[in-house]
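In: From the sequence below, what's the structure:
(one chain, ligands or ions: 1)
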Amino acid sequence: MDTSALDCHRKAGRIAAECREWARENIRPGVTVRHILETVENMIREKGAEPGFPTQSSRNHVAAHYCSSPDDEMEYEEGDCVKVDVGVHVDGYIGDTACTVDLSTDGRWTPLIKASEEALAAAIAHVEPGRPVGEIGAAIERTIMAAGFEPVRNLTGHGLARWKVHTAPQIPNYGERGGSKLKAGMVIAIEPFACTGRGMITEAGKSEIFMMVRPPRKSRGLDKDVLSAIMGWRGLPIARRYFNHMDQVAVEDTISKLTKQGSLMRYPPLVEKNGVMVAQTEHSMYVGEDGVEVLTTV
Ligand code: CO
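Out: Below is the predicted model of the structure:
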């Protein structure tokens, strides 16, 4: 990776971390989820970058991909276990980071959150060129299970490439043999999820997150302005909220037609069973020849 690309990743990572810390301090019972997400996205722009993906904040058994609709009034509640996942891009180079906040009055979710934080630290300690990803997963699984919880097994860490949030290698949250090896020059995100259930998530509910996976086969009947706004994100994940300033009928119609064509993929919330609590901690990092550089620190 050339230094200017790495410097973009560094800037994106630092901004993502600053926004994550703002969210950590400001997620409180009675605050709307949408306020946090929109404020983070505004902060990203004020700092001279753009969202790398829609900011997401998932409560309790929802593990990931909860993203507010344009008129969502849902509030955080006392007792919640709240994830916030922030993505920033600078010229297409992405920083991806997440943390979890305990809104209980008795610190009930703190051991669960600590398990995912310690699993991330254990994983980072194993990052070096040539290391099989299964060994990173083993460190995550061992740490979470030693704390008395289960890792979410069907969510993984991932590589980060220009304009691509999820590329090879997949980094499992459990140990496995074989698999690919980390290479010097890679930028990766590691994201252990710890939970109080079995650790298998499924899709549920309405999608607010979309991603263009290929250009539309036919653009006849599509609103030109909305289509060019969507294409402007160059394949990065987007939220319905991004297009609030546009004609809402045209936005809905274009999203629905592109989705039917298979041009736009939708990403609904990912949930464990009701009553199960899920915590997530994530950093992006550069796999250097002489060691790892965590990019999402303030
Ligand atoms: Co990620």
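
In: these two touch, right, Ala123 and Ala189?
Out: No. Look at Ala123 against Ala189 with C-beta atoms under 8 Å: they stay out of range, at 10.8 Å. The C-beta positions use only the backbone N, C-alpha and C, and glycine is treated the same way.

In: which of those two has more neighbours?
Out: Ala123 (28 against 25; other C-beta atoms under 10 Å).

In: Just say helix, strand or coil for that one.
Out: helix (DSSP: H, G, I helix; E, B strand; the rest coil).

In: So for it, what pLDDT did the model give?
Out: Here, the pLDDT recorded for Ala123 equals 98.

In: Run through the residues that contact it.
Out: Neighbouring residues of Ala123 by C-beta atoms under 8 Å, 6 or more residues apart in numbering: Ile136, Ala139, Ile140, Gly157, Ile171, Ile190, Pro192.

In: separation between the second one and Ala250?
Out: Here the criterion is C-beta to C-beta, to the nearest Å. By it, Ala139 lies 48 Å from Ala250.

In: The last one too?
Out: Look at Pro192 and Ala250: by C-beta to C-beta, they are 41 Å apart.

In: which one of those two has more residues nearby?
Out: Taking other C-beta under 10 Å, Pro192 and Ala250 do not tie; Pro192 has more neighbours (32 against 16).

In: quick one: that one and Ile140 touch, right?
Out: Yes. Using C-beta under 8 Å, Pro192 is in contact with Ile140, at 4.6 Å.

In: so what sits against both of those two?
Out: Counting by C-beta under 8 Å, 6+ apart, the common neighbours of Pro192 and Ile140 are Ala119, Leu120, Ala123, Pro151, Asn173.

In: near the ion, which residues of the chain show up?
Out: Proximity of the chain to the ion, by C-beta under 5 Å from the ion, involves residues Asp96, Ala189, Glu191.

In: Return the subset of those lying in strands.
Out: Secondary structure from DSSP state E places Asp96, Ala189 of the residues of the chain next to the ion in strands.

In: Just to check, Thr281 is in contact with Glu117?
Out: Yes. Thr281 is within contact range of Glu117, at 4.7 Å (criterion: C-beta under 8 Å).

In: Comparing these two, which residue is more hemmed in?
Out: Thr281 (24 against 18).

In: May I have the predicted confidence score for the more buried one?
Out: 98.

In: ok, which stretches of the stretch 151-298 of the chain are helices?
Out: 224-231, 248-261 (DSSP state H, counting those that start in this stretch).

In: Okay, the closest residue to Asn274 other than its chain neighbours and Cys8: tell me how far apart.
Out: Excluding its sequence neighbours, the residue lying closest to Asn274 (C-beta to C-beta, 6 or more residues apart in numbering) is His61, at 5.5 Å. In this view, His61 and Cys8 are 36 Å apart by C-beta to C-beta.

In: and if you look at Tyr242?
Out: Tyr242 is 21 Å from Cys8, by C-beta to C-beta.

In: now swap in Arg162 and tell me
Out: Taking C-beta to C-beta, one finds Arg162 at 9 Å from Cys8.

In: which of the two has more neighbours?
Out: Neighbour totals were compared for Arg162 and Cys8, and Cys8 leads with 20 against 15 (other C-beta under 10 Å).
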